[in-house]
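K.L.:
Sequence plus the predicted model coming up.
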Amino acid sequence: MLTVKILTGCVGLVAVLLIGLWLLYGPYGVPKIEETSLPLSSDNHFYTRHKSISSDNAGKRPRLPKALIIGFSKCGTLALRTFLTIHPDIVCPIYEINYFNENYHKGIEWYRNQMPSSTAKQITIEKTPGYLRSLEYLRRIRAFDSEIKLLVIVRDPIVRLQSQYAHELSKLPDGFERPGFESWCNEEHGNGDRILHFTNYAYKLGLVYSVFSKPQVLVLSEEDMEKNPLPVMREVETFLGLRRGFTDDMFVYSPKRGFYCLNVKHQLFPSIAQKVKANRQNGCLYYKTKGREHPVIDKSFRRTLQTLIRPYNELFFNLTGKRFKWENF
Ligand SMILES: Nc1ncnc2c1ncn2[C@@H]1O[C@H](COP(=O)(O)OS(=O)(=O)O)[C@@H](OP(=O)(O)O)[C@H]1O
């Protein structure tokens, strides 16, 4: 009799305990937290967030880009991306992902997984100058996100040609014959004209404007960024609709490099140092690929180039509605 009473008492106790636990933790043993449904997240995926998790870091995950740096190569695209990374609301992958051109077949989830983790407040920016190479890549970008913002940076076309020459020659193995600048310029590039390929900004920008609306595209000047990056970064910040995040003390001029570099003493530098291709000691982009010596151009060849390129510059200025000040023109 006594045993039956003890047993009944125990069963009752366990039942009360279980009911108590169910009330406290819910049916799956997970602490009950009020959930809020948020509207479509920045990368168009419906998700829920726990109200009780207040830290910004809690929602960190890779997000698809909201803006792309699509060109032009050799016009300061790396410096632009590196400087943008120091904004507290911007994250960028450290490599060119080449998704819309070379890796498209890998699919959107692959693309997303190449992105660094970001909070819901931050935007991701990816740079691949290769996206400007064909209308097809631009169409793929529009199919991905018709509202995406595009950043384009240009520089004096003749200086770009010199930079490209220095870049290509640096890749030639030792002992390989090195063409002079003029003969290199006069070689074919693919099936086309090398000079026009690297200097006719109007043609490529025309392709961009045939796919995207003008307000979606911001055209920047490498010369302006080289002289003083802060106003250029602020222009980008405004274009992207971000809060003021760039400050004067983020960039410092390095007389040794002849460039602005990230300020290693800035409070944000240590946290981004490993996420940018900048030297951790001086905050400058690496020597090897930036600031290569440019070839000297013979006077009469320079005039030939100027005469050839000038009409394309005019087309480009008409397209952008801005006149760019270039030392060769
Ligand atoms: N702040 C700063 N630091 C370092 N480099 C700078 C900076 N601003 C502009 N530049 C110029 O950027 C040129 C390289 O352009 P890209 O980064 O677009 O080159 S690449 O297409 O990614 O190879 C590279 O051109 P060249 O030196 O003429 O080759 C740099 O001069």
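P.N.:
Received the coordinates, thanks. Numbering: from 1, shown residues only.
K.L.:
When you work out contacts or count neighbours from here on, use the C-alpha atoms and nothing else.
P.N.:
OK.
K.L.:
who in this structure is up against the ligand?
P.N.:
Within the chain, the residues that sit near the ligand (Cα under 6 Å from any ligand atom) are 73-79, 163, 226, 259-261, 285, 290-292.
K.L.:
Roughly how far does Pro116 sit from the ligand?
P.N.:
Remark: distance between Pro116 and the ligand (Cα to the nearest ligand atom, to the nearest Å) = 19 Å.
K.L.:
whoops, I mixed them up, Thr199
P.N.:
Taken as Cα to the nearest ligand atom, the span from Thr199 to the ligand is 14 Å.
K.L.:
and what of Ser210?
P.N.:
Look at Ser210 and the ligand: by Cα to the nearest ligand atom, they are 23 Å apart.
K.L.:
Can you say which helix or strand has that residue in it?
P.N.:
helix 201-211 (DSSP states H and E).
K.L.:
Need the worst-confidence member of the residues of the chain next to the ligand.
P.N.:
Minimum pLDDT for those is recorded at Lys290 (72).
K.L.:
how about that one, what does it touch?
P.N.:
Applying Cα atoms under 8 Å, 6 or more residues apart in numbering, one finds that Lys290 lies in contact with no residue.
K.L.:
what about 10 Å?
P.N.:
74, 76, 78-79, 163, 167, 257, 259, 284 (Cα atoms under 10 Å, 6 or more residues apart in numbering).
K.L.:
Next: His197.
P.N.:
His197 neighbours (Cα under 10 Å, 6+ apart): 133, 161, 188-190, 203-204.
K.L.:
Backbone dihedrals for it, both of them.
P.N.:
Main-chain torsions, His197, degrees, to the nearest 10: phi -60, psi -40.
K.L.:
that older thread, so of the contacts of His197, which ones are in helices?
P.N.:
In helices, judged by DSSP state H, the following of those are found: 161, 203-204.
K.L.:
what's the neighbour count on Phe176?
P.N.:
8 (other Cα atoms under 10 Å).
K.L.:
what's the answer for Lys322, then?
P.N.:
Neighbours of Lys322 under the rule other Cα under 10 Å: 11.
K.L.:
try Leu161
P.N.:
By other Cα under 10 Å, the residues close to Leu161 number 23.
K.L.:
before we move on, the earlier item: narrow the residues of the chain next to the ligand to those in helices?
P.N.:
77-79, 163, 226.
K.L.:
Using CSV, lay out the residues you listed together with neighbour count and distance to Arg310.
P.N.:
Shown next, in CSV, are these (neighbours: other Cα atoms under 10 Å; distance: Cα to Cα, whole Å):
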residue, neighbour count, distance to Arg310
Thr77, 22, 23
Leu78, 24, 27
Ala79, 24, 27
Ser163, 21, 19
Glu226, 18, 23
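K.L.:
for the residue nearest to the spatial centre of the chain, which residues make a bridge with it?
P.N.:
Nearest to the centroid of the C-alpha atoms of the chain, with distances taken as Cα atoms, centre = their mean, sits Glu126, at 3.0 Å. With DSSP bridges applied, Glu126 shows beta-bridge pairing to Leu68.
K.L.:
And Phe246, its phi and psi?
P.N.:
phi -90, psi 140.
K.L.:
And Ser221, by the same measure?
P.N.:
phi -110, psi 130.
K.L.:
and it, what does it touch?
P.N.:
Ser221 touches 75-76, 152-156, 232, 324-326, counting by Cα under 10 Å, 6+ apart.
K.L.:
Mark which of those residues are buried, thanks.
P.N.:
Among the contacts of Ser221, those scoring as buried are 75-76, 152-156, 232, 324 (criterion: 16 or more other Cα atoms under 10 Å).
K.L.:
Contact partners for the residue nearest to Thr128 when sequence neighbours are not counted?
P.N.:
Distances taken as Cα to Cα, 6 or more residues apart in numbering put Glu96 closest to Thr128, at 5.0 Å, once the chain neighbours are dropped. Going by Cα under 10 Å, 6+ apart, Glu96 touches 69, 78, 114, 126-130.
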